[in-house]
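J.: Here you go, sequence then predicted model.
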Amino acid sequence: MMKQFWIGYWFKPWYFLYRIGYAIVISGIRGYFKNHQYDGKENIPSNTGILYAVNHQNAFLDPIVIAGRTKEPTHFLARADIFKKPMVAKILSMIYMLPIYRQRDGVDTIKMNQKTFNTCFDILKNKGNVIIFPEGNHNYKKSLRPLKKGVSRIALGAAEKYNYDIDVKIVVLGLDYENHFKMNGSLYLNAGKPIDVSEYYENHKKNPSETINNLSERIYKTLDSLIINIRDDENYDELYYLLHRVPLKTNSKKVSLKFQLRKERLDKMENLKKTNTSLYEEVISFMSELKITMKKFNLRPYLLHQKTNSLLSLFIYSLLLTLLSPIHIIGLTTNYLPYKTPVWFVNSKVKDKHFHSSLKMALGSLFFYLYWFIITIIFSQFFGWKYGILFFIMLPLIAAFNYKYWIYFIKVKGLWNYKFNYKSILSLREKYLDYYAKIK
C-alpha cells in the first residue's frame, strides 16, 4: 500500500495537479482522521463505467476522500459558478471537475447541463468513474434529503446514447463522519453492492420516466441503509447527542462497529417513537438536559458510568503528566503552529462551515510538511545533517506522542471536574443510568 502510494501512482497517466492533490489527500486522511475505514471496497467492479451515488454532508471533503481511496481518477460534478474564470476552469478540469448549472446561474440549464451529461456518458463508455451527490447540495446533518434523478438520468442516458451497448454500474456509497468540523474524529466509507444498470435497459426503452423513477427509488433505499439517517429533524440535536456522545456498548475502536451500534440505537429510538411516544419524549427531553449539564460542568457522559477516582490516583495521573510535560512542550514547538494556523485561517476567512474540514485537512498537510522541513534545516545547521535526518524521522513520532498526551490531559482534567462536581450531578447521574438501560 505505502509503496503504491509513494511510488506507483506518480507514474499513472493522470494530470500532474491531480497527482499532487492525491498525495495531499492521502496524507491528510491519515493525519486528519483518528480512524478511517472503507467497507465494501470489494463490491466496486473493475473494467466498467462506474457512477458513485453518495450522500453529501461535507462539501469538498466528500469527493476528495473518495478520490483519495480510488485507484483511478474520479470525475465529479460541482456547481458551475466556480468555473467562471477561464484559468480557474482550466485548473478545475485538471482535477477532473465538471460544471453543473442551476437556475440561479442565469443560463439555459438544460442546454448547458446536457454538455456535462454528454461528457459523463463518454467517461462511462470509456470505463471511467463519476461521482454524483444526488441530494443536490451539502448539509452537515446526518439526514438523507430527497434525491434528484441525475444519477439515473446519466446512467440510462449513457445507455441510450450508445444504443444500450455499454456496461455501467452504480455504486451507492455512504459517508459517515464522527465529527464534521474537527480533526481526530473517524471517517467511514460504506459501499453497497453495485447496481447493474443493464437490468433497466428494456424497461427504459418502453417507459423512460417510470424507469428513471424506479432506479432513483432503489438508489434512495440503498443509500438509506448505508448511512445514519436521523429523520426527526425537530429533535435532531438531541438524537445526535444520544448517538455520538452517550457511550456505546463497546470499547472497540473499529469504526464500522461503532457505526452499526449507532444505527441500531437510532432504530430503537425510531421504534420507540412509534410504540411508546411518551417515553420517547422523556428520553429526548432528558438528552437536552444532559447536554446542558455536561457543558456547564465541562464533562462527558462516559464519566457517569463510573464512580469518582480517589484523590491518590488523580494525583498520580497528574504527576505523570507533569513528568512528561517537557516532551509535550517539545511537541508543541514542532506541531502547534502547523496544526493551529489552518484552523485560525479557515475559521476566520471561510464563512461556510461545510468547507472547513476539507481546507483544514489540505492546508494542514501542506503546513506540517513545510514547517517540519524548515525546522529540520534550522536544526541541521546547529547539529549537523546526520542529526537533522534523525530529527526529521522523529517528528511524526513526537506528533503522535503529543496527540496522545493531550487526550490524556483532557481525560485527567475531566476526572478532576467529575470529582469536584460529583455531588452536584449525583441525581442526574442516577437518572442518566436509568435511561441508558432503556436505550443502550
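T.: Looks like it came in fine.
J.: helix or strand right after the helix or strand T211 falls within?
T.: In this assignment (DSSP states H and E), T211 forms part of helix 208-226. Note on helix 208-226: by DSSP H and E, the next helix or strand toward the C-terminus is helix 236-244.
J.: Pull the residues that contact that following helix.
T.: Under the contact criterion Cβ atoms under 8 Å, 6 or more residues apart in numbering, helix 236-244 has outside partners 141-143, 178-179, 228, 230, 232, 262, 265-266, 269, 283-284, 287-288, 290-291, 439. Placement of C-beta: from N, CA and C, glycine included.
J.: Now that helix: buried residues?
T.: Within helix 236-244, the residues that qualify as buried are 238-243, counting by 16 or more other Cβ atoms under 10 Å.
J.: got the CA coordinates for that helix in PDB?
T.: Coordinates of each C-alpha in helix 236-244 appear next as PDB, following Å, rounded to 0.1, in the frame of the first residue of the first chain:
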ATOM      1  CA  TYR A 236     -32.100  16.300  15.600                       C
ATOM      2  CA  ASP A 237     -29.600  17.800  18.100                       C
ATOM      3  CA  GLU A 238     -30.800  15.600  21.000                       C
ATOM      4  CA  LEU A 239     -30.700  12.400  18.800                       C
ATOM      5  CA  TYR A 240     -27.200  13.300  17.500                       C
ATOM      6  CA  TYR A 241     -26.100  13.800  21.100                       C
ATOM      7  CA  LEU A 242     -27.500  10.400  22.000                       C
ATOM      8  CA  LEU A 243     -25.700   8.700  19.100                       C
ATOM      9  CA  HIS A 244     -22.400  10.400  19.300                       C
END
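J.: Just the C-alpha atoms of stretch 364-379, please, in CSV.
T.: These are the backbone C-alpha positions of stretch 364-379, laid out as CSV (Å, rounded to 0.1, in the frame of the first residue of the first chain):
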residue,chain,number,x,y,z
GLY,A,364,-2.7,21.1,7.5
SER,A,365,-0.9,18.5,5.3
LEU,A,366,1.0,21.3,3.5
PHE,A,367,1.8,23.3,6.6
PHE,A,368,3.1,20.3,8.5
TYR,A,369,5.5,19.2,5.7
LEU,A,370,6.6,22.8,5.1
TYR,A,371,7.1,23.6,8.8
TRP,A,372,8.9,20.3,9.5
PHE,A,373,11.2,20.9,6.5
ILE,A,374,12.1,24.4,7.7
ILE,A,375,12.8,23.4,11.4
THR,A,376,14.8,20.4,10.2
ILE,A,377,17.0,22.7,8.1
ILE,A,378,17.5,25.0,11.1
PHE,A,379,18.2,22.0,13.4
